[in-house]
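J.: okay, here's the prediction I keep looking at, along with the sequence it came from:
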Amino acid sequence: QVQLVESGGGSVQAGGSLRLSCAASGRTFSSSTVAWFRQVPGKEREFVAVTNWSGVVTTYSNSVKGRFTISRDNAKNAAYLQMNSLKPEDTAVYYCAARRSWSGTLTLSREYDYWGQGTQVTVSS
């Protein structure tokens with residue numbers, strides 16, 4: 001069992017940066033695949049980035065590639081999403097998610113077993 005708690009959201013102007021954190025509890029976090037998703041009202045949850053258990057392998061959505069960086073620190077049971085050059089269209093609730101294995105597409109919300117409560121990110125123009 002893994003429990004996830006996001007933090008670090010807030011309001012920022014376009015071009016600014018934020019760093020989201022995902023604090024995890026549970027012995028299996030260090031072997032889990034961890035991802036970030038985001039969601040705006042009325043839309044499906046959208047894949048943002050994913051990293052494997054070691055943090056060495058990462059994948060990003062085209063919309064954030066080159067601007068966002070996913071990372072993790074297994075010693076601290078934590079994952080992060082560094083968001084730079086933020087745009088108004090990045091405004092959403094951001095969720096941390098985890099699953100046991102590195103398999104499947106890794107970009108669908110239904111593939112993940114554990115979710116945090118989300119943190120709001122608002123980017124103004």
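T.: Good, I have the coordinates. Given the structure is predicted, the values throughout are model-derived calculations rather than measurements.
J.: now the residue most central in space within the chain. Nearest residue, chain neighbours left out?
T.: Nearest to the geometric centre of the chain sits residue 36, at 2.0 Å (Cα atoms, centre = their mean). Ranked by Cβ to Cβ, 6 or more residues apart in numbering and with sequence neighbours excluded, the top spatial neighbour of residue 36 is residue 48, at 4.3 Å. Glycine gets a C-beta too; all of them are placed from N, C-alpha and C.
J.: return the helix or strand harbouring that neighbour as CSV; C-alpha atoms alone will do.
T.: Secondary structure from DSSP states H and E places residue 48 in strand 46-51. Output of strand 46-51 as CSV, limited to C-alpha atoms (Å, rounded to 0.1, in the frame of the first residue of the first chain):
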residue,chain,number,x,y,z
GLU,A,46,-4.1,14.1,-18.5
PHE,A,47,-0.7,12.4,-18.4
VAL,A,48,2.3,14.8,-17.7
ALA,A,49,5.3,12.7,-16.8
VAL,A,50,6.4,9.3,-15.5
THR,A,51,9.6,7.9,-14.0
